[in-house]
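Q: After the sequence you'll find the predicted model.
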Amino acid sequence: MKGDPILQEGSRGAAVVELQQLLTKAGFSVGSADGIFGAKTEAAVMAFQRAHQLVADGIVGSLTWARLRAPVVVASGLRAKIVSEANWGIANAAGIHYQQVRPIDGLNARHKMPLNIDCSGFVTLCYKWAGAPDPNGLDYNGQGYTGTLLSYLTPVSSSQVKPGDLVLWHRGGVGEHVSLVLEPGSDPLLVSHGAESGPYTVRFSASNRSHAGASVAWLNLPAVDAARGRPMPEAPQARQARAQQATGKTDPATEETLLPEPGSVPVTH
């Protein structure tokens, strides 16, 4: 908006209060909106900028103001919490490393740092920490990978995708990579942990190019939109078979060569 001040660490006043309120509304908490642009506000600004393909310099200029005020698809309920956990991952990427570890690291220790996780483990953590049912259908037993996500979740069309849903690449039904949807649309904004530099934001089109030839599945957990967030009843035999299938299975990094979106700043570990 014309006339907005340029803000950076050390700034104070009503404009900083507005900035802090907009960041919190967007899912990037700064604590209290005290009008003081300190280290927490700077970290939130940089995380927001990375999430929206802006230069992550911590300086709030016209482009950052415009993106903060842009209308977005507002997530609510469990979806908002899942997206918030994904945004936490973006903001703390320096302490999150790509490792194929089972049981899933951090499952019972919210915001554990450092965190050693693969792509399927990361999206599972977002659901667990948000209080949603296990997207693998395993009651958070520490297992789960792209194969269980693909077999348990409900396929939807790309036009039906909402914040918090998943997009999964597979070849002949064998999972390759999974990302979480932050913002739907013609080219959804995703949070991906497909390499050591993750979690990072990436447009679907860019990620899809790095998985050329793979099939794409847009996936939804119906219980996320249910009043109590409870999964539908399932035959015990089906869960047992899936648990046996998942034991020890992990997902390798597949996006080491992914080119960042213009203006994005890769995280240095």
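A: Nice, I can see it.

Q: what residue is smack in the middle of this structure?
A: Note on the chain: the residue nearest the mean C-alpha position is residue 86, at 3.2 Å, using CA atoms, centre = their mean.

Q: So what does that one look like in phi/psi?
A: phi -60, psi -40 (degrees, to the nearest 10).

Q: need the contact list for it.
A: Contacts for residue 86 (CB atoms under 8 Å, 6 or more residues apart in numbering) come out as 126, 180, 182, 191, 199. Placement of C-beta: from N, CA and C, glycine included.

Q: quick one: which helix or strand includes the nearest residue to the last one once chain neighbours are set aside?
A: The shortest distance from residue 199 to any residue other than its chain neighbours is 4.0 Å, reached at residue 89 (CB to CB, 6 or more residues apart in numbering). With elements taken from DSSP states H and E, the one containing residue 89 is helix 77-91.

Q: model confidence over the helix or strand that comes right after that helix, on average?
A: Downstream of helix 77-91, the first helix or strand assigned by DSSP H and E is strand 96-98. On average, the pLDDT along strand 96-98 is 98.

Q: residues in contact with strand 96-98?
A: 89, 113-118, 122, 193, 195-196, 198-199, 253, 269.

Q: quick one: which of the contacts of residue 86 has the most company?
A: residue 199 (32 neighbours; other CB atoms under 10 Å).

Q: That residue touches residue 90, doesn't it?
A: Yes. Contact between residue 199 and residue 90 holds when scored by CB atoms under 8 Å: they sit 5.4 Å apart.

Q: Now do the shared contacts for those two.
A: Residues within reach of residue 199 and of residue 90 at once, by CB under 8 Å, 6+ apart, are residue 191.

Q: From residue 247, how far off is the nearest residue to residue 17 once chain neighbours are set aside?
A: In this structure, residue 17 finds its nearest non-sequential neighbour in residue 35, 4.5 Å apart by CB to CB, 6+ apart. Distance of residue 35 to residue 247, computed by CB to CB, to the nearest Å: 52 Å.

Q: Those two: who's more crowded?
A: residue 35 (16 against 13).

Q: So for that one, what pLDDT did the model give?
A: pLDDT, read off for residue 35, is 95.

Q: Show the buried residues in the contacts of strand 96-98.
A: Neighbour counting with 16 or more other CB atoms under 10 Å marks 89, 115, 117, 118, 122, 193, 195, 198, 199, 253 as buried within these.

Q: what's the closest non-adjacent residue to the second one?
A: In other words, residue 115. Of all residues beyond its chain neighbours, the one nearest residue 115 is residue 96 (4.6 Å), with distances taken as CB to CB, 6+ apart.

Q: what sits against residue 59?
A: 6, 7, 8, 45.

Q: how near is residue 172 to residue 39?
A: Distance from residue 172 to residue 39, by CB to CB: 48 Å.

Q: Please identify which of the two sits among more neighbours.
A: residue 39 (10 against 6).

Q: Skipping its backbone neighbours, what lies nearest that one in space?
A: Nearest one to residue 39, counting by CB to CB, 6+ apart, is residue 9 at 7.1 Å.

Q: Roughly how far does the one you found sit from residue 192?
A: Using CB to CB, residue 9 is found at 29 Å from residue 192.

Q: Those two: which has the busier surroundings?
A: residue 192 (28 against 14).

Q: Tell me how far the more buried one lies from residue 242.
A: Going from residue 192 to residue 242 by CB to CB gives 24 Å.

Q: Got phi/psi on residue 203?
A: Note on residue 203: its backbone torsions stand at phi -70, psi 150 [degrees, to the nearest 10].

Q: hang on, isn't it packed against residue 192?
A: No. Using CB under 8 Å, residue 203 is not in contact with residue 192; the gap is 10.1 Å.

Q: could you give me the average pLDDT of stretch 238-248?
A: 89.

Q: which residues touch it?
A: 102, 136-139, 141, 143-145, 147-148, 151-152.

Q: Using neighbour counts, trim those to the buried set.
A: For the contacts of stretch 238-248, a neighbour count by 16+ other CB under 10 Å gives the buried set as 102, 136, 137, 138, 143, 144, 145, 147, 148, 151, 152.

Q: May I see the contacts of stretch 238-248 arranged in a markdown table, with secondary structure and pLDDT as well?
A: Listed next are the contacts of stretch 238-248 as a markdown table, based on DSSP: H, G, I helix; E, B strand; the rest coil; pLDDT from 0 to 100:
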| residue | secondary structure | pLDDT |
| --- | --- | --- |
| 102 | coil | 97 |
| 136 | coil | 96 |
| 137 | coil | 94 |
| 138 | coil | 95 |
| 139 | coil | 94 |
| 141 | coil | 96 |
| 143 | coil | 97 |
| 144 | coil | 97 |
| 145 | coil | 98 |
| 147 | helix | 97 |
| 148 | helix | 97 |
| 151 | helix | 94 |
| 152 | helix | 95 |
